[in-house]
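1. Pasting a predicted model and its sequence here:
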Amino acid sequence: MSETVQVELSERSYPIVIDAGVFSGSSIAPSTSLRAVIQRVEPLKHALVISDHQVLSTARTLANALEANGIRVSLCDVPSGERSKSIVELDRLWNWMLDEKADRKSVVFAVGGGVIGDLAGFVAASFARGLRFVQVPTSLLAMVDSSVGGKTGINLEKAKNIIGAFWQPQAVIIDTDQLATLPAREYFSGLAEVVKYGMIMDAAFMNRLEVLADKLLDRDADALREIIAHSCRCKAAVVKDDERETTGLRAILNYGHTFAHAIEATAGYGKLLHGEAVSIGMAMAGQLAVSLGMIDQQSITSQNNLLSELQLPIDHSQFDLAELWTAMQSDKKVELGRLGFILPTRIGEVKRVEGISLNDLSTALR
Ligand SMILES: NC(=O)c1ccc[n+]([C@@H]2O[C@H](COP(=O)([O-])OP(=O)(O)OC[C@H]3O[C@@H](n4cnc5c(N)ncnc54)[C@H](O)[C@@H]3O)[C@@H](O)[C@H]2O)c1
Ligand SMILES: [Zn+2]
């Protein structure tokens, strides 16, 4: 069974198709889901498949299916990891596309996690003033977060995601079977963003996640399709009203992230996965909100219990608050020098609060 979520962005609207067995079968005949995606980019004569090295076999299956449909395919293997979101890799891909005689009608397929989505998306946005592209996210984080919203880009040595463009894909195709090979920590890390959607905008979804927790630990296909589709719906609803992050609405997606970015910066990038830092960050934001009298302890306890059940860390005691505070002051989301925290007012609702002091943090978290 497949499910489709439509991301509504007027003429840039696109479908996210969620299915199983799209790239795992031995048949080269494209599944109905893949055919629907191919139709979105017709006439398709030349596909540029850009793949994370780790999921090359998925990219090859896709390439074979496209070739069986008479489409010329160029395939490029990109090393796994954040370091590939670099100017060096971008330059290599641009030149590869030139060598492969890509033109304005070529379509980029990004096969991999958020790293490949961001990198290949930006390659598509920038080559020949913009090529169409299709996302094939293979990590849970990419399925529920980075493939929705159109942010693409690379890092500079000194700043993450600082070079980039808003560039919406023509379509996203998600094969939940891909998650079978995703390392456990990466998988749970993706679930942190899923819990985030429940906390910021959907109390019923939080209840549903509690019900599905055991199945999610087993990576059950039906449970995954349900929570991935719902997460995409949540993010799409936010993005729809703030496509380019101008109205401030999109800021609610930053719940737990002010803390998380500071944790990632002080713990040293790479020690904790992003979702792990977000999980600790949501626990901290929750405690801060309790301390400020914005929400009851019980709600935050149930948030934290769900995170723990999903194998995510919630303990911040190893971090120095003053050090985190200093790191927060240089977070790029600090608007006009005013640090704002997205804090819960009840399960399923958050608001942005300014004027929090280090003292408030210490009182809440010590
Ligand atoms: N564009 C956005 O809106 C947005 C949102 C959130 C995050 N991001 C970006 O996404 C990136 C993080 O994404 P990520 O967590 O997917 O990281 P990632 O792309 O590095 O993937 C995580 C790891 O899992 C491996 N992997 C991916 N799919 C696999 C599979 N099916 N089986 C086995 N291994 C697999 C990768 O090789 C990698 O080692 C960051 O660069 C971040 O800035 C972008
Ligand atoms: Zn995040």
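-> That came in fine, so what should we check first? Ligands and ions are numbered 1, 2, ... in the order given.
2. hey, let's count contacts and neighbours off CA atoms from now on
-> Will do.
3. Would you mind extracting the C-alpha trace of the helix or strand harbouring residue 341 into CSV?
-> For residue 341, the enclosing helix or strand under DSSP states H and E is strand 340-346. Taking Å, rounded to 0.1, in the frame of the first residue of the first chain, the C-alpha atoms of strand 340-346 are listed here in CSV:
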residue,chain,number,x,y,z
GLY,A,340,14.3,33.3,21.2
PHE,A,341,13.3,29.9,22.5
ILE,A,342,10.5,27.8,21.1
LEU,A,343,8.8,26.5,24.2
PRO,A,344,5.7,24.3,24.7
THR,A,345,2.5,25.7,26.2
ARG,A,346,0.9,22.3,26.0
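4. name the helices or strands packed onto the longest helix along the chain?
-> Counting residues, the longest helix in the chain under DSSP state H turns out to be helix 221-240. Using 3 or more C-alpha pairs under 8 Å, 6 or more residues apart in numbering; DSSP states H and E, the elements in contact with helix 221-240 are strand 3-7, strand 14-19, helix 184-201, helix 203-217.
5. Would you mind saying which of the ones you listed lies nearest residue 122?
-> strand 14-19 (17.6 Å; C-alpha to C-alpha).
6. what's the angle from that closest one to helix 221-240?
-> Put simply, strand 14-19 runs at 170 degrees to helix 221-240, going by axes from the mean of the first three to the mean of the last three C-alpha atoms, to 10 degrees.
7. Quick check: which ranges of this protein have low pLDDT?
-> The chain contains residues with pLDDT under 70 at 25-27, 268-270, 332-337.
8. How about the residues of this structure by ligand 1?
-> Applying C-alpha under 6 Å from any ligand atom, we find that the chain lies next to ligand 1 at 52, 54-55, 80-82, 112-116, 118, 138-139, 141-142, 145-146, 149, 151-152, 178-179, 181-182.
9. Selecting buried members of these in PyMOL, what would you type?
-> In PyMOL syntax, the buried subset of the residues of the chain next to ligand 1 is picked out as below (16 or more other C-alpha atoms under 10 Å):
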select buried, resi 52+54+55+80+112+113+114+115+116+118+138+139+141+142+145+146+149+151+152+178+179+182
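10. In strands only, show me the residues of the chain next to ligand 1.
-> 52, 112, 151-152 (DSSP state E).
11. Report the contact partners of residue 182.
-> Applying C-alpha atoms under 8 Å, 6 or more residues apart in numbering, we find residue 182 in contact with residue 139.
12. picking that back up, ok, which of the helices and strands packed on helix 221-240 comes nearest residue 250?
-> Of all the helices and strands packed on helix 221-240, helix 184-201 comes closest under C-alpha to C-alpha, at 11.1 Å.
13. helices or strands next to that closest one in the packing?
-> Using 3+ C-alpha pairs under 8 Å, 6+ apart: helix 184-201 touches helix 140-141, helix 203-217, helix 221-240, helix 274-291, helix 297-309, strand 349-354.
14. Report the inter-axis angle for that helix versus strand 340-346.
-> Using the same axes, to 10 degrees: helix 184-201 against strand 340-346 is 70 degrees.
15. Please spell out which residues along helix 184-201 are buried.
-> For helix 184-201, by 16+ other C-alpha under 10 Å, it's 186-201.
16. Give the burial count for residue 221, as a bare number.
-> Residue 221 has 17 neighbours, counted by other C-alpha atoms under 10 Å.
17. Go ahead and confirm it touches residue 20.
-> Yes - with contact defined as C-alpha atoms under 8 Å, residue 221 counts as touching residue 20 (7.4 Å).
18. Need the residues touching each of the two.
-> What both residue 221 and residue 20 touch, as defined by C-alpha under 8 Å, 6+ apart, is the set 176-177.
19. Residue 242 belongs to a helix, doesn't it?
-> No - counting by DSSP: H, G, I helix; E, B strand; the rest coil, residue 242 is located in no helix; its state is coil.
20. now it: how far from residue 310?
-> 30 Å (C-alpha to C-alpha, to the nearest Å).
21. go on, residue 78?
-> From residue 78 to residue 310 the distance is 31 Å (C-alpha to C-alpha).
22. For residue 317, give me phi and psi.
-> The phi/psi pair for residue 317 (degrees, to the nearest 10) reads phi -60, psi -20.
23. same thing with residue 244?
-> Backbone geometry at residue 244, expressed as degrees, to the nearest 10, gives phi -110, psi 30.
24. Out of the helices and strands packed on helix 221-240, flag the one nearest residue 355.
-> Of all the helices and strands packed on helix 221-240, helix 184-201 comes closest under C-alpha to C-alpha, at 20.6 Å.
25. ok and the closest one relative to helix 203-217, angle-wise?
-> Counting by the same axes, to 10 degrees, helix 184-201 lies at 170 degrees to helix 203-217.
26. distance between helix 184-201 and the chain's centre?
-> 10 Å (C-alpha atoms, centre = their mean, to the nearest Å).
27. now swap in stretch 299-317 and tell me
-> That offset, for stretch 299-317, works out to 20 Å (C-alpha atoms, centre = their mean).
28. what does stretch 144-152 give?
-> 6 Å.
29. again with stretch 40-47
-> Taking the mean of its C-alpha atoms, stretch 40-47 sits 26 Å from the chain's own mean (C-alpha atoms, centre = their mean).
30. do the same with stretch 241-258
-> In terms of C-alpha atoms, centre = their mean, the centre of stretch 241-258 is found 14 Å from the chain centre.
31. Give me the neighbour count for residue 183.
-> The burial count for residue 183: 11, using other C-alpha under 10 Å.
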